[in-house]
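> From the sequence below, what's the structure:
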Amino acid sequence: MKKDILRKEVEKNRLLEDLENLKCETKRLKNGRDISVESREPFSRTYRDVDIAFISEESLQRQVEEVTFLGEGVYGRTDVVSFNGERCVMKTGKRGDLPHRELQILTYLDGAGGAPKLLAASKRRCVISWVGDRTLQDMISDGKCDQDCLLTALLQVCERVQEVHEKNIIHNDIKADNIVYDTLAQKFSLIDYGLSKEAGETYTKMYDSARWMSPETKRGEPLGPKADVFSLGVLLGDILNRFSRPRKIAVGLANRATAKKVDDRPTLAEFMGVLKRFLEDVEFKRRAKKHFRVKNVRSIWRDVKRGIARPFKKIFKKKKGILQ
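Coordinates of the predicted model:
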């Protein structure tokens, strides 16, 4: 009888130990700590409500081909690679592990805002989809786009930012270098979500040197959609500064968007509304002017045929390029 009781106690203790070990293992798995990449392939780490499947460095390296250097930043470098036969981008962390928050946000966005999709990730590297080969900074610098063309591009960028905000994510690092244009698909995409936060979160670090970041970001206050509106206002100002005669309405909009107080800034919908109405007015005036010119030339040609007007050669001045 005593032996049966002792045996049951031993089995009970073993069961409790097994349950305790299982709880510890589950806890380590959720926290993403004390798990060897090589020991489990693939395995998952949970960050908030998003699961990310990590693979080993060796497995990722075997799937990557044709590595071409693309650029290098503070936190790492990027390369253009061929991943499973498709053109992609590989990011490598410079100071150890990649920021898992960015991987989580990319997975959560699932292409919203033109964000690149996460295809594979290891401890130090990740492979994301290709979204474009030209930045908005390149379009501003080469001088081939006029003012209205760049303002139209900015309106499309605002639509992308709106898609990100609908997911309750604040990009918080909107600048010309982080906006990519795909010439084949003819669309803009927002990249680099390393500093992104969910609405209402704060920053512990200060970025005083980043002039495109909102004042509330630098003060460590809760973030909202108007933090990105501030960045869009700075970007609008950079576009207008490239031209000797900037549009007055656009200048006023840039000044409002970059106000220090959050309440003084327009919402993203208001920002887009002003831009859209302004561009519609510009297009209407352009079409009206073109229609007037065509009508004017036809009426003059009709008068020439009737003999009540001089021929075109006499009334056209080549130097000025206008009809007198």
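> Can you pull the poorly scored residue ranges out of this structure?
With pLDDT under 70 as the threshold, the chain has low-confidence stretches at 1-49, 74, 95-97, 205-209, 284-285, 287-324.
> how's it carved up into domains?
The chain breaks down by automatic domain parsing into domains covering 47-129, 134-282, 290-323.
> Include mean neighbour count when you put these into JSON lines, please.
No exception for glycine: its C-beta is placed from N, CA and C like everyone else's. What follows is the domains of the chain, written out as JSON lines (neighbours: other C-beta atoms under 10 Å):
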{"stretch": "domain 47-129", "mean neighbour count": "17"}
{"stretch": "domain 134-282", "mean neighbour count": "17"}
{"stretch": "domain 290-323", "mean neighbour count": "10"}
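> mind listing the strands for the protein?
Taking DSSP state E to define them, one finds strands in the chain at 43-47, 50-54, 64-72, 76-83, 86-93, 118-121, 125-129, 134-135, 169-170, 179-182, 187-190, 197-198, 316-317, 322-323.
> Minimum distance to residue 270: which of those strands has it?
With C-beta to C-beta, the closest approach to residue 270 among these belongs to strand 169-170: 17.4 Å.
> Adding distance to residue 141, write the strands of the chain out as CSV.
CSV is the format used below for those (distance: least, C-beta to C-beta, whole Å):
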stretch, distance to residue 141
strand 43-47, 37
strand 50-54, 36
strand 64-72, 16
strand 76-83, 20
strand 86-93, 22
strand 118-121, 30
strand 125-129, 25
strand 134-135, 9
strand 169-170, 27
strand 179-182, 13
strand 187-190, 16
strand 197-198, 30
strand 316-317, 36
strand 322-323, 33
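> Nearest to residue 244, out of those strands?
Where these are weighed against each other on C-beta to C-beta, the nearest is strand 322-323, at 21.9 Å.
> re earlier: mind checking which of the strands of the chain is nearest residue 100?
Of all the strands of the chain, the one in closest proximity to residue 100, counting by C-beta to C-beta, is strand 43-47 (5.6 Å).
> Quick check, residue 90 in contact with residue 124.
No. Using C-beta atoms under 8 Å, residue 90 makes no contact with residue 124, being 10.6 Å away.
> what's the overlap in contacts for the two?
Both residue 90 and residue 124 lack any common contacting residue under the criterion C-beta atoms under 8 Å, 6 or more residues apart in numbering.
> check contacts around the closest residue to residue 75 other than its chain neighbours.
Of all residues not flanking residue 75 in the chain, residue 94 sits nearest, at 5.9 Å (C-beta to C-beta, 6 or more residues apart in numbering). With contacts defined as C-beta under 8 Å, 6+ apart, the neighbours of residue 94 are 72, 74-77.
> Show me which pair in those residues is furthest apart.
By the measure C-beta to C-beta, the contacts of residue 94 have their two most distant members at 74 and 77, which lie 10.5 Å apart.
> pretty sure residue 104 is touching residue 50, no?
Yes. The pair residue 104 / residue 50 is scored as a contact, 4.7 Å apart, by C-beta under 8 Å.
> what comes into contact with stretch 64-79?
Taking C-beta under 8 Å, 6+ apart as the criterion, the residues outside stretch 64-79 that touch it are 80-83, 89-95, 98-99, 127, 194.
> Quote the end-to-end distance of that stretch.
Between the opening and closing residues of stretch 64-79 there is a gap of 11 Å (C-alpha to C-alpha, to the nearest Å).
> again, but for stretch 213-233
10 Å.
> And stretch 180-191, by the same measure?
Distance between the boundary residues of stretch 180-191 (C-alpha to C-alpha) amounts to 7 Å.
> do the same with stretch 251-266
One end of stretch 251-266 sits 14 Å from the other (C-alpha to C-alpha).
> And stretch 177-189, by the same measure?
Between the opening and closing residues of stretch 177-189 we find a distance of 11 Å, counting by C-alpha to C-alpha.
> How about residues contacting it?
Outside of stretch 177-189, the residues that reach it under the criterion C-beta under 8 Å, 6+ apart are 113-116, 131-137, 139, 153, 156-157, 160, 171, 190-192.
> same check, this time on stretch 118-134
Contacts with stretch 118-134, where a contact means C-beta under 8 Å, 6+ apart, come from 37, 52-57, 59-60, 63-64, 80-81, 83, 86-93, 96-98, 103, 106-107, 114-117, 180-183, 188-189, 191.
> just so I know, which of the strands of the chain lies nearest residue 246?
Distances from residue 246 to each of the strands of the chain were compared by C-beta to C-beta, and the smallest falls on strand 179-182, at 19.9 Å.
> Okay, now the sheet partners of the closest one, with direction.
Paired neighbours of strand 179-182 in the sheet (DSSP bridges): strand 134-135 (antiparallel), strand 187-190 (antiparallel).
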